[in-house]
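Chemist: Give the three-dimensional model of this entry:
(2 chains)
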Amino acid sequence: MLDLGALSNCFSNSACLVTQSATGVIIGMLLFLVASGVTLIFGVLHVVNFAHGAFYMIGAYVAYSTYGVTGNYYVAVLVGTIAAAIVGVLFERSAISRVYKENLLMQLLVCYAFVLICDDAVKIIWGSEYLAMGVPDEFRVRPWRIAGGVVPPFYLFLAGTALMVAVLSLILIRYSRFGKIVRAAAANPTMVSVLGIRVPIYFATLFGLGCGLAGMAGALAAPVRSLTPGMGLSILIESFIVTVIGGMGSIPGALLAALLLGFTRAFGSLGFPLFVDGAMFLMMVVILVFRPQGLLGERAGR
Amino acid sequence: MNSTRIFARTSLMAVIGLAVLILIGVIYPGTWLLDTMTGLFASGLLVMSLHLLVGYTGLVSFGHAAYFASGGYIFGMLLQADGVVAALGGWAVPIATLVALLGTGGFALFVGLICARLSEIYFAFLTLAFQMLLVSAIQGLVQYTGGDQGLTGGIPRPEFLGLNLVEVKDRYVFSAFLFMAGLLVIRLVTLSSFGATLRMVRDNETRTAFLGINTYRVKVAAFTIAGMIAGLGGVILAIFTSAAYPEWAGWAVSGEAIFMIMLGGLHSFYGPLLGVVVMRAINDITLIYTTHTDLAKGIAILFVVLVLRRGILDWILDVRATRRKRGTSGDQITSQALTKTAKGTKDAAS
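Modeler: Have a look, this model is predicted:
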């Protein structure tokens, strides 16, 4: 089960180190983009969006179809993001907004129902076979070699875009007028609505934004992952591990945890291929037991 | 005194219930109903034991399937091990059942000791993490558990007490016995003073602690008992399928168990059982027309959560209570009132 020889070999070999690190960074960045959506929604609305993986899936599938029609990867990503955001707003308005005040179980159930419906809808529309989009033509170039390691430019594009978008949304929530209003509305909806602000619209927009981030991650990742109904589940669980390890509601924490997980995946696949998932859950257990608020979380876990 | 009488009456009811179930098994000529019921017994124990945590103690565990799978795996691995069946002979199945029960209890105790320190969402995530760790362990330890393939090749089930578990009827009778035994334990727990303590912890943990009760210990005990009963459900399924699969410990099983509780009714003892039956019915009826069972389940959940806003049995009881209305005594607490209290305490806490 353990193959530490392969792992230490890789650490002493710069080519392998660079290649695996690049893989770790790309996995981590995409995860960060998904997790920042979870964090955004939880941090402001205090709703744990268990349906987040479904939006990742929607983004990926819509991007796949758009790419098939237009042949333009950027348009595909954009359309995938927007589609996920729109479905997110509809989901928030029709279901989630009715259970804001209910307990965790009710929210969980609504999300669970949504995931079931989405997975089956995807099966009906796109079929249940694995779909592959393939790397877009403009990125089919010779990979860069850094210290002997292989780094495809497409990976750098993915990682850069994911990081940029996630950071932009953080800035949006923290400093923009929209962010201030929506945070105020979450703290005291009655007061804010008395000021003449339509609170439900702000909540729906924020929820849609969070879902859009998940959709974008799905769309960005579509060329490098195979598409299958239920692909949202593993990314959902991973993004929850990220949220918990980083600290719920903390975006810098999510970044740190996403990178941690990305590297665990990249190097774990060499050293302990069968226990990569186990290692991630083990980290989550350790964090929850010794530091329930997460690495950089502010709220104390009661 | 009084409680002893209640206990005796409940046990008698369980014996009568078991007799009725066995009678059905003897009278019913075919196998379809008996096989369906055996499957329902397994999910029934999983869901009822989870209900002890979610409904009675207020502990939302996302990882309850871990104990279900643990019961099935311990049972199967023990009976498949070299020489065990030969050594134990006719006692193999009862002993394996007992070992599965105790082993799962030990596992649940270990996880409970760690998880019960946390509350709400953190508790839920930690139980989920342990469940996923178990899945990873099952998939990783291929030589013992068969990895992804599960425990295949059949679990030997030697005859005992005249019961041959390969036969549908005998299997049904033994499963019915295990089911009623598990159900009786849960019922007795909820009727006991310990059960009252659990409800107190659910409604207001701080106040319970002020009364001098070690709420941590109470929660660990409830978690362990619930884990053991879930393990018993896993044993039934292992007997039924003559196998065990890593999916049993999966997130989907835990999620569906929580859904079945909510579907049937969170605030009544038998609500979750109704949920199990309704879920199975939705599944089987949809399968007649289409393979998209998830779609039907999803729509059913949305209907229950958004329209009824409570489980089916809770809804029926509420409607009946409002019909009878005011005149009756104030002892009867409807589930709505309960929800309000629970919500009130939550609001106060946050």
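Chemist: any weak-confidence spans in the stretch 1-150 of chain B?
Modeler: Under the criterion of pLDDT under 70, the regions of the stretch 1-150 of chain B flagged as low confidence span B:1.
Chemist: Quick check: residues of the stretch 1-150 of chain A near chain B?
Modeler: Counting by Cβ under 8 Å from any Cβ of the partner chain, the stretch 1-150 of chain A comes close to chain B at A:1, A:48, A:95, A:98-99, A:101, A:103-106, A:108-110, A:112-117, A:119-121, A:123-124. The C-beta positions use only the backbone N, C-alpha and C, and glycine is treated the same way.
Chemist: Now, of those residues, which are buried?
Modeler: Taking 16 or more other Cβ atoms under 10 Å in any protein chain shown as the criterion, what is buried in the residues of the stretch 1-150 of chain A next to chain B is A:48, A:95, A:99, A:103-106, A:108-110, A:112-117, A:119-121, A:123.
Chemist: Give me the subset of those residues lying in helices.
Modeler: When helices are assigned by DSSP state H, the members of those inside them are A:104-106, A:108-110, A:112-117, A:119-121, A:123.
Chemist: By pLDDT, rank the residues you listed and give me the bottom one.
Modeler: Per-residue confidence across those is lowest for A:Leu104, with 75 (pLDDT).
Chemist: In CSV, list the C-alpha atoms belonging to stretch A:58-75.
Modeler: Below are the C-alpha coordinates for stretch A:58-75, written out as CSV (Å, rounded to 0.1, in the frame of the first residue of the first chain):
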residue,chain,number,x,y,z
ILE,A,58,-23.6,21.8,-15.0
GLY,A,59,-20.7,24.2,-15.9
ALA,A,60,-18.7,21.3,-17.3
TYR,A,61,-21.5,19.8,-19.4
VAL,A,62,-22.7,23.2,-20.7
ALA,A,63,-19.2,24.1,-21.6
TYR,A,64,-18.8,20.8,-23.4
SER,A,65,-21.9,21.4,-25.6
THR,A,66,-21.0,25.0,-26.2
TYR,A,67,-17.5,24.0,-27.3
GLY,A,68,-19.0,21.5,-29.6
VAL,A,69,-21.1,24.2,-31.3
THR,A,70,-18.8,27.2,-31.3
GLY,A,71,-15.4,25.6,-31.1
ASN,A,72,-14.3,28.4,-28.9
TYR,A,73,-13.0,27.4,-25.4
TYR,A,74,-13.3,30.9,-23.9
VAL,A,75,-17.0,31.2,-25.0
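Chemist: For it, give me every contacting residue.
Modeler: For stretch A:58-75, contacts defined as Cβ atoms under 8 Å, 6 or more residues apart in numbering or on different chains pick out A:76-77, A:79-81, A:83-84, A:87, A:118, A:122, A:125-126, A:131, A:133, A:136, A:138-139, A:214-219, A:221-223, A:225, A:227, A:231.
Chemist: Filter the residues you listed down to the buried ones.
Modeler: Neighbour counting over those (16+ other Cβ under 10 Å) leaves A:76-77, A:79-81, A:83-84, A:87, A:118, A:122, A:126, A:131, A:133, A:136, A:139, A:214-219, A:221-223, A:225, A:227, A:231 as the buried ones.
Chemist: quick one: A:Asn277 and B:Ser136 touch, right?
Modeler: I think there's a mix-up here, since residue A:277 is Asp and not Asn. Yes - A:Asp277 sits in contact with B:Ser136 when judged by Cβ atoms under 8 Å, with a separation of 4.8 Å.
Chemist: Spatially central residue for chain B, please.
Modeler: Within chain B, the residue whose C-alpha comes closest to the C-alpha centroid is B:Leu46; the distance, by Cα atoms, centre = their mean, is 2.3 Å.
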